[in-house]
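>>> structure of the sequence below:
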Amino acid sequence: MLATPQGPANFEVTLDDVRLLTDNGSGIVTHTNHCLHPDLLPINNQFPELIESHPRKARIDALLTNQNGPLTIDQLKTALRDHDNHPKSICRHANDHPQHGFWETVFSVILDPSAGQMHVTRGTPCVQPYETYSLN
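Numbering: from 1, shown residues only. Just a heads-up that it's a prediction; the model follows:
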């Protein structure tokens, strides 16, 4: 994720390509584990285990776009702790699913460029507290 003078952006990186995703004027860029850039969409077919990434992307987008006014750090933390559709939730926990049960959230990051801060958890954000680091 990037904070640029033109707004938020994200680099989507594969072994062979780098593509830029922008906010298209919304002020929000979200990403889960599957490719979003049109040039990279065919890669998703090579990794069917990432299929659970699609509903998580839809959920985070719904949570963040339904807010009134600028998003707060607390709203972002709440969204990243979300367990809707558990065990395939945004905040993932290991479970007994035979194919995908080993996938779990290992960290969570929120960048606040205006405050010069980065909020990070070491593990699932519903269990681990966010630690704040100064970027200045």
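
>>> separation between the residue of the chain most remote from its centre and residue 109?
Residue farthest from the centre of the chain, counting by Cα atoms, centre = their mean, is residue 98 at 24.2 Å. Here the criterion is Cβ to Cβ, to the nearest Å. By it, residue 98 lies 30 Å from residue 109. All C-beta atoms are positioned from the backbone trio N, CA, C, and that covers glycine.

>>> ditto for residue 23
The value you get for residue 23 to residue 109, if Cβ to Cβ is used, is 18 Å.

>>> also residue 136?
Look at residue 136 and residue 109: by Cβ to Cβ, they are 17 Å apart.

>>> more neighbours: which of those two?
When residue 136 and residue 109 are compared for neighbours, residue 109 comes out ahead with 13 against 5, by other Cβ atoms under 10 Å.

>>> pretty sure residue 121 belongs to a helix, no?
No. Assessed with DSSP: H, G, I helix; E, B strand; the rest coil, residue 121 is strand; it does not lie in a helix.

>>> which strand residues bridge it?
residue 108 (DSSP bridges).

>>> is it true that it touches residue 106?
No. Assessed by Cβ atoms under 8 Å, residue 121 is found out of contact with residue 106, at 9.2 Å.

>>> which of the two has more residues huddled nearby?
residue 121 (22 against 10).

>>> could I get the pLDDT score of that one?
As predicted, residue 121 sits at a pLDDT of 97.

>>> same deal with the one 4 residues further on?
The predicted structure scores residue 125 at 97 on the pLDDT scale.

>>> how near is it to residue 134?
20 Å.

>>> surely residue 34 meets residue 55?
No. Using Cβ under 8 Å, residue 34 makes no contact with residue 55, being 10.7 Å away.

>>> can you give me the strands for this protein?
Assigned by DSSP state E, the strands in the chain fall at 2-4, 7-13, 18-22, 107-112, 117-122, 131-134.

>>> mind naming the longest helix for the protein?
In the chain, taking DSSP state H as the definition, the longest helix is helix 53-65.

>>> contacts made by that helix with the rest, please.
For helix 53-65, the external contacting residues (Cβ atoms under 8 Å, 6 or more residues apart in numbering) are 26, 28, 30-34, 36, 71, 75-76, 78-80, 82, 84-85, 88-90, 92.
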